[in-house]
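Let me see the structure of the following:
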Amino acid sequence: MNARLFLIAGLLALLCLPTGLALADNGPHGGYTATTDACAACHRAHTAPAAQLLLANTPDLCYTCHGSGASGADTNVTDGLYTPLNRSLRAGGFTNVYMDVDLTGPQTLAVTSNHEDSGGSNTVWGYGAISAVADPGVTGVALTCTNCHNPHGNAGSGGTATYRILKGNNASNTELFTDGGGTTEYATVDIPDEATKQYYTDANGTYAHDHGSNVGGVYINAALTAWCAQCHSRHKPLNLEAAPSESGHTDSGDAIFAFRHATNIEDNLGCSSCHSFSHGNFMPPYPACTTCHVAHGTGARMGTLSDNVPWPDGTTTPAGDARSSLLRLDNRGVCQDCHNK
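Residues are numbered from 1 along each chain as shown. Take a look at the predicted model:
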């Protein structure tokens, strides 16, 4: 009982800290001085109730600032809201979202599918090399906020800041994941940080053609594809300026991920990464991962054809709306967005 009371008191104290709103590579997430005060926001040197000398386990500690009703940050990832403007977060939410999934305007919806944040066991679909033997991915992977994000910031090569404090090519980062069998994956892809943060969509909740910031000629959405593919490696074919992907026409040789939709060009992350001028087609035949999907969670609903599509391992549960696969629109609206049949 005393330990529980201590934890509650510690979390309440954290909520009351007289600091500004927490931003990526700001607040407690980077920019430390020689006499920084930031450590005390999350750590206790001798009286910590959680591992890594934390005030609480993740994601509970993260939610003391980034949760529903919390005042420590302007990004409420529980409900998918940028709170100062009541706008949709570009990544969605973990419990609820404020999204325009049916193209009638943003609405608050319960999440139908999400990346795990509570440390539960997951399957990382499509991880690994092309395999002639059926291999849907790795299982037994515990996921929470710190699998993708480095809370200390400066997670890129040479200690540079990264987009949304995502783990980059920096030896100080912990692994992206380790599965029950000992498979471990570390981040190697740096996503440059934005000079001006764009956490939210426009007032209509529109994600389509929302490119993300241009940082030194690199569009964030295009750059994120290689980052996502560190775990979901077989979901995408290689697509280079000199070697265009033949998605949908060429068998990869994989027993499960045989024919795959192309994603954006990987060695040119400007406009032509998606609008492939060099490949002879101005229209965007090469979408980024985040053209169709959100990173945290979606409220998209599935119809009678979309709701029972088998998972890569052949299983059919969970089904219904839970088969929404982080898509940003109901059913297969993301397909119709470009193909307009």
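
Tell me where the protein has strands.
Secondary structure of the chain (DSSP state E): strands located at 75-76, 81-82, 87-88, 96-99, 107-110, 113-114, 118-125, 137-144, 177-178, 184-185, 214-215, 218-219, 297-298.

Relative to Ser272, which of these is closest?
Proximity to Ser272 (Cβ to Cβ) singles out strand 218-219 among the strands of the chain, at 10.2 Å. C-beta: built from backbone N, CA, C; applies to glycine.

List the strands paired with the closest one, with their directions.
strand 214-215 (antiparallel) (DSSP bridges).

contacting residues around the partner strand?
For strand 214-215, contacts defined as Cβ atoms under 8 Å, 6 or more residues apart in numbering pick out 163, 192-195, 220, 270.

chain center to that strand: distance?
When distances are taken as Cα atoms, centre = their mean, to the nearest Å, strand 214-215 is centred 19 Å away from the chain's centroid.

Can we start the residue count at 517 from this point?
Sounds good: first residue 517 from here, last item strand 730-731.

any idea of the mean pLDDT in it?
Mean pLDDT, computed over strand 730-731, is 81.

CA atoms only: put stretch 704-718 into PDB for me.
Taking C-alpha atoms only, stretch 704-718 is exported to PDB below (Å, rounded to 0.1, in the frame of the first residue of the first chain):
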ATOM      1  CA  THR A 704      19.900   2.500 -38.500                       C
ATOM      2  CA  VAL A 705      17.700   5.100 -40.200                       C
ATOM      3  CA  ASP A 706      17.800   8.800 -39.300                       C
ATOM      4  CA  ILE A 707      14.700  11.000 -39.900                       C
ATOM      5  CA  PRO A 708      15.700  14.700 -39.800                       C
ATOM      6  CA  ASP A 709      13.800  16.800 -37.400                       C
ATOM      7  CA  GLU A 710      11.500  19.700 -38.400                       C
ATOM      8  CA  ALA A 711      12.500  23.300 -37.600                       C
ATOM      9  CA  THR A 712       8.800  24.000 -37.100                       C
ATOM     10  CA  LYS A 713       6.800  21.100 -35.600                       C
ATOM     11  CA  GLN A 714       3.800  19.900 -37.600                       C
ATOM     12  CA  TYR A 715       2.000  17.600 -35.100                       C
ATOM     13  CA  TYR A 716      -1.500  17.900 -36.500                       C
ATOM     14  CA  THR A 717      -3.600  17.800 -39.700                       C
ATOM     15  CA  ASP A 718      -5.500  20.700 -41.200                       C
END
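
partner residues bridging Thr591?
Counting by DSSP bridges, Thr591 forms beta bridges with Tyr598.

now, of the strands of the chain, which is deepest in the fold?
Using mean count of other Cβ atoms under 10 Å, the stretch among the strands of the chain with the largest mean neighbour count is strand 813-814, at a mean of 28.

sorry, back to before: narrow the contacts of strand 730-731 to those that are buried.
By neighbour count, with 16 or more other Cβ atoms under 10 Å, those hold 679, 708-710, 736 as buried.

Of all the strands of the chain, which one is nearest Tyr802?
strand 734-735 (12.2 Å).

Quick one: mean pLDDT over the closest one.
86.

Quick check: can you list the domain ranges of the chain?
Domains of the chain are assigned by automatic domain parsing as 517-570, 590-857.
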